[in-house]
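quick one: sequence plus predicted model below, questions after.
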Amino acid sequence: MDDIRTEYHPHSGITTKTDRFTDFRHHTAARSKAPENPTPWEPFSSRIDFDFAELVLKANLMKLQTDELISLVRRTAFENFSVTDYDSICKMWDAASPRHAKFKKEVISVPHRDQEHNFDVWYRPLWDWACDLLKDPRLGPHFPWTANAFWDSQSSLPKDEGKPFAFIIFADKAKLLSFGRQKAYPVIARCANLPVGICNGEGFGGGRLIGWLPIVEEEKQYSGTQSFVNFKNIVWHESFKRLLKSIAPLSKIGFWVKCWDGIERLFYPLILILSADYEEQCVMTLIRGTKCKCPCPVCLIPRDELGNVLIMSMQATLREARSQARQEDKEKILMSRGLRDVDNAFSDVAHTDVHSAVSFDRLHVDNEGNFSDHLWVQFQERVKSVGRQAQSKIDEYFDSMPRWHNINHFNHVMDVSFSDGMKYEDISKLIVFAAHDVIDRASHALPYLLLRCIRKYVNVDMYAALEVHTSETIAAGRQAVKEFMQLLDQYSTKDDSGKNWAYPKWHSHAHLFDDIEAKGATRNMNTKPNEKCHGLIRRIYLRWTNFKNIAEQVLRLDHHFLIAHSIHLDIEDHDELVASHNNCLRLDSEDDDELPGNDSDDAFHVKLGAPQKEQTFAALAQLHADDNAFNRFRIKLTDFLSDSLPAHGIPLPGGKRIKFMPDETVTEHRFLKVNYESTVDWRNTTDYLRCSPSFHNFPRYDCIIIQTQAGVIFGHLLMLFTCVVDGQTHPVALVHPYDAPVGQRSLKNKHFQFWRVRKRPRISSEFFSVHSIIRGTVLAEDHSVPGDYLVIDTINTDMFLRIKLMHKSAGHLA
């Protein structure tokens, strides 16, 4: 019933296998043994030379500073330190550069208005980088990757033994200064065959800068004209052809590579995912943007026919247009499809369809698009029309929200616009919980309906954010899109603001779950990890360049960082090999019974931290004399342990009930680390919980989900501590239970899918074993019903699915 069946592509030659669920979820690829290299720091003369050069690189030391430091170091008695001056370090970096493909420069010439314009294009040969990955023993065991589009790509290859090597390409202009005009146009590549943790990471298998495109400066006399816009598009695609020219011919005939394990394999390079915002997608697919007749880069749907998909392909349209003798006729056909008469760089790469490759991007489509520029702006305007008191109340409730790791805390939001997509994402997750008891359904019907639309939008975004999908979650996601669109239609018919909701980013939801089925979870397509790569480029620009001819300087230093990282990994492998050899020699001389136990992070469910000084029961009672939750603390703890220890197979000392004396002690802890199995991807996930009167100058007492004999309940941590019984230490939590009956489910609860809990009187606090804590959670106070709290199910994808399952079990979902 719970077994996992894995089907491999027929061309792979691997038979279908079935794993037990418990084995499958803990499976990780075996690490390939790195080849032994006694001198991994070469071509540096010694390890100390490399370490020193790497420090100079990271610390951004200039020539004078470097030479002074070298002078000091050479006066010491270190190991073979042969660095003599700054120039010698530069020579060593140059000597090490051939370890990986270096950047090349080509000059392209593009005509405009009978004049040739030259542009510099810098690129790292894409296939050389791919071969570096395929030959790396640290990455090899993690190939390949899977999704429908990947499967279909392998099916389209001409030879059974051929395997696709799939690229993810990201291109976006970047400002190099927060305040300034200097821009860059870097291109980042990732390998889609690798697991997302590696692919989206910052290590050797993560994103790599592979190109630097020219930016065409605007000319006032031609800016905005059709010919100049086409000229800029031609420059972009002619430049991109240089980036792709190492893989374009190989995509048709394949290329045999001797891989990490010494086996030769035939690979066909292709572009599976183009990660970009809408502006770049328009350039990639050569459509004319938001105002053209067919503004969707995926399906080319006419703007006034949202329910229909255009059948004619881009290439067919181009062939028809180019067959026309008159320029006017050609332009008429192209405009009818929203296309441009430019040769697309991606058409040179076989098994690659640019319209299928452009992908849904949560960051720009939703967080910095549909929510930030549309739903949120509309909601701010609606609340403003309600009155200042409503605005201030929502700000007040935002400020009172409990803090949670990885969620921004806001003091006020109603009069603020941000430029950070992550902040907008967090506002969207919290706004319903802060505004529901300010925006009344009877008095503020339209703002209330808009708030319901935002909740439906958040449902879609949460399904889109899932790290792993099943057929059930994809079906649920599609249903969420349908419900969202239906409710938004209701709102738009009543909205008198003139807002037009028919725009490309809104339409993108029509392709969202098709993209997920084709290319995997949205984190494979998200621009967020790629935009993070711009950080290193900005740092190099600010710290290492003279702000002139920056491309060559930035790319040279980026390559040095790559070389340093590569050598560093080899040295780590060397150290690990030496340590392993020494451990083998040591263990051969030791008794197996003396081997240390496994204390890895996955080996425990809960772990207490931040211990305080021991307190006697008497002192504790005096400290909390005014708090009913601590009433009869010692007696209640005695009863709890006397009942719970035997229930868990732990005998009571002497067979008698436990009795604590007032001078006996407990040790308070103010931190709890909880490992739990995610309901999304079944992996271990960690919560970091606080139970402290002052954490970063704020009281922080987190809420938790607890497993009891009667079922799952919610509670509020009051104190974490350990006590000793018969020489054994027991971790215990004092909890304020939020499990009082909440009565009949209200219409508002249904509209916003609230999971409502109600706290018991504080004197009803209970003790629970820390081991009964499932995970942490966040509860938002419902200010309209004293004592009631709402579970914020949007703090992460696991909580979202957990609450969905609870709603289903309670019969709340149809």
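Yep, that arrived. Numbers count the residues shown, from 1 in each chain.

what residue is smack in the middle of the chain?
residue 523 (5.7 Å; CA atoms, centre = their mean).

doesn't that one belong to a strand?
No: secondary structure of residue 523 (DSSP: H, G, I helix; E, B strand; the rest coil): helix, not part of a strand.

could you measure from it over to residue 516?
To residue 516, residue 523 is 10 Å away according to CB to CB, to the nearest Å. Where you see a C-beta, it was placed from the backbone N, CA and C, and this is true even at glycine.

likewise for residue 187?
25 Å.

residue 9 too?
19 Å.

how about residue 269?
24 Å.

before we move on, the earlier item: the more surrounded of residue 9 and residue 516?
It is residue 516, of residue 9 and residue 516, that has more neighbours when counted by other CB atoms under 10 Å, with 25 against 18.

helices and strands around the helix or strand hosting that one, which ones?
Per DSSP states H and E, residue 516 falls inside helix 509-519. Applying 3 or more CB pairs under 8 Å, 6 or more residues apart in numbering; DSSP states H and E, we find helix 509-519 packed against helix 148-156, helix 445-465, helix 471-494.

try it again at 7 Å.
If you count contacts as 3 or more CB pairs under 7 Å, 6 or more residues apart in numbering; DSSP states H and E, helix 509-519 packs onto helix 148-156, helix 471-494.

specify the local secondary structure of the residue lying closest to residue 433 once chain neighbours are set aside.
The shortest distance from residue 433 to any non-neighbouring residue, by CB to CB, 6 or more residues apart in numbering, is to residue 780 (4.1 Å). When classified by three-state DSSP, residue 780 comes out as strand.

just residue 714 next, same as before
strand.

ok, now residue 733?
strand.

from residue 720, how far off is it?
From residue 733 to residue 720 the distance is 5 Å (CB to CB).

list residues touching both of those two?
Jointly contacting residue 733 and residue 720 under the rule CB atoms under 7 Å, 6 or more residues apart in numbering are residue 770.

between the two, which is the more surrounded one?
residue 720 (29 against 26).

okay, now residue 368: neighbour count?
23.

do you know the pLDDT at it?
Residue 368 is assigned 93 on the pLDDT scale.

ok, for it, nearest residue in space, not its chain neighbours?
residue 421 (4.1 Å).

which element is residue 574 on?
Per DSSP H and E: helix 550-588 holds residue 574.

also residue 108?
strand 104-112.

what about the closest residue in space to residue 364 that isn't next to it in sequence, neighbour count?
Nearest residue to residue 364, sequence neighbours excluded (CB to CB, 6+ apart): residue 277, at 3.9 Å. For residue 277, the count of nearby residues is 20 (other CB under 10 Å).

if I look at the spatially most distant residue from the centre of the chain, how far off is residue 725?
Among residues of the chain, the one most distant from the C-alpha centroid is residue 654; the distance is 54.0 Å, by CA atoms, centre = their mean. Distance from residue 654 to residue 725, counting by CB to CB: 11 Å.

which positions within stretch 803-810 qualify as buried?
In terms of neighbour count (16 or more other CB atoms under 10 Å), stretch 803-810 has its buried residues at 803, 804, 806.

again, but for stretch 680-699
Buried-residue list, stretch 680-699, by 16+ other CB under 10 Å: 680, 681, 685, 687, 689, 690, 691, 692, 695.

mind giving me a markdown table with the residues you listed and columns for pLDDT?
Compiled in a markdown table, the buried residues of stretch 680-699 are given as follows (pLDDT from 0 to 100):
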| residue | pLDDT |
| --- | --- |
| 680 | 96 |
| 681 | 93 |
| 685 | 95 |
| 687 | 96 |
| 689 | 97 |
| 690 | 97 |
| 691 | 97 |
| 692 | 96 |
| 695 | 93 |
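
low-confidence stretches in the stretch 151-300 of the chain?
Within the stretch 151-300 of the chain, the segments meeting pLDDT under 70 span 151, 159-160.

can you map out the helices along it?
Per DSSP state H, counting those that start in this stretch, the stretch 151-300 of the chain carries helices over the ranges 196-199, 226-244, 250-253, 278-285.

so which of those is the most surrounded?
Of all those, helix 278-285 has the most neighbours on average by mean count of other CB atoms under 10 Å, namely a mean of 21.

restrict it to CA atoms and write it as CSV.
Backbone C-alpha positions of helix 278-285 (Å, rounded to 0.1, in the frame of the first residue of the first chain) are rendered in CSV as follows:
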residue,chain,number,x,y,z
TYR,A,278,8.1,38.2,-18.3
GLU,A,279,10.2,40.9,-20.0
GLU,A,280,13.0,38.4,-20.7
GLN,A,281,10.5,35.7,-21.7
CYS,A,282,9.2,38.1,-24.4
VAL,A,283,12.7,38.5,-25.7
MET,A,284,13.4,34.8,-25.6
THR,A,285,10.2,33.9,-27.5
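
and the angle from that helix to helix 226-244?
80 degrees (axes from the mean of the first three to the mean of the last three CA atoms, to 10 degrees).
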